[in-house]
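**Student:** Mind looking at a prediction? Sequence and model below.
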Amino acid sequence: MSDANLKNPAGAQTHPAGREIPVDPFFSAVLTPYRSLGAKGFLVLMLLFGGVSFSAGLFFVSIGAWPIFGFFGLDVALVWFAFSRNYREARAFEEVHVSPCEVILRKVSPRGEAQLFRFNPVWVRMGVERIEDEGMTRLCLRSHGKEVELGHFLSPVDRQDFASALGSALSSARSGGPAPQGAAGPTPA
């Protein structure tokens, strides 16, 4: 085993050229589905919808059409079920970490099942699909004939912003990592 593959005690790896490469990621992002209605808003919506349905149901009971009352209850139950399922799906998230040595993508399903994908930053490429009227419709990472989609739950604008940030991070990773803060560029002679 060569010295280039051994970790030093400071938590960095030694590059074959002799310089240290930080193991910690310099770019990390957690992607989550956007939900515009929070728990409090959902409670208010369901109370209003339930109140209107109950009032309308009472009206129908008073004129003798009592079976209609059950259908109003069914409407409330279906809306509650649809929102509950939507919130359950919102538990999914994706984590992306980029370091000079590795790109890690961790996808967690709504059930908590995690998939971990590791890529070499030198070989990984970012794939993008666009539709003229919609913007960016798909973002994926490709390497060695395989591809993994990421951010499928993001809006086209958010997907574009994330793709721009990830592209910059991948470019930095290929060049050995971000420049140290305060480091000046080459000085003209």
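**Tutor:** It's in.
**Student:** Now do the contacts for W123.
**Tutor:** By C-beta atoms under 8 Å, 6 or more residues apart in numbering, W123 lies in contact with S143, H144. In short, each C-beta sits where N, CA and C put it, glycine included.
**Student:** and what of F69?
**Tutor:** By C-beta under 8 Å, 6+ apart, the contact set of F69 is G57, L58, F60, V61.
**Student:** again, only this time at 10 Å
**Tutor:** Neighbouring residues of F69 by C-beta atoms under 10 Å, 6 or more residues apart in numbering: S53, F54, A56, G57, L58, F59, F60, V61.
**Student:** Could you pick out the buried ones from the residues you listed?
**Tutor:** S53, G57, F60 (16 or more other C-beta atoms under 10 Å).
**Student:** So which of those are in helices?
**Tutor:** The helices in this structure, assigned by DSSP state H, contain S53, G57, F60 from those.
**Student:** Which stretches in this structure count as helices?
**Tutor:** Going by DSSP H, the chain shows helices at 39-62, 67-89, 156-174.
**Student:** What is the nearest of the contacts of F69 to L141?
**Tutor:** Checking the contacts of F69 against L141 with C-beta to C-beta, the nearest one is S53 at 46.8 Å.
**Student:** The closest residue to the closest one other than its chain neighbours: how many residues sit nearby?
**Tutor:** Of all residues not flanking S53 in the chain, F72 sits nearest, at 4.1 Å (C-beta to C-beta, 6 or more residues apart in numbering). Applying other C-beta atoms under 10 Å, we find 21 residues neighbouring F72.
**Student:** Hmm, F72 is touching W66, no?
**Tutor:** No - using C-beta atoms under 10 Å, F72 makes no contact with W66, being 11.2 Å away.
**Student:** shared neighbours of the two, anything?
**Tutor:** G57, F60.
**Student:** Tell me how far the spatially most central residue of the chain lies from S53.
**Tutor:** Note on the chain: the residue nearest the mean C-alpha position is L31, at 2.1 Å, using C-alpha atoms, centre = their mean. Distance of L31 to S53, computed by C-beta to C-beta, to the nearest Å: 36 Å.
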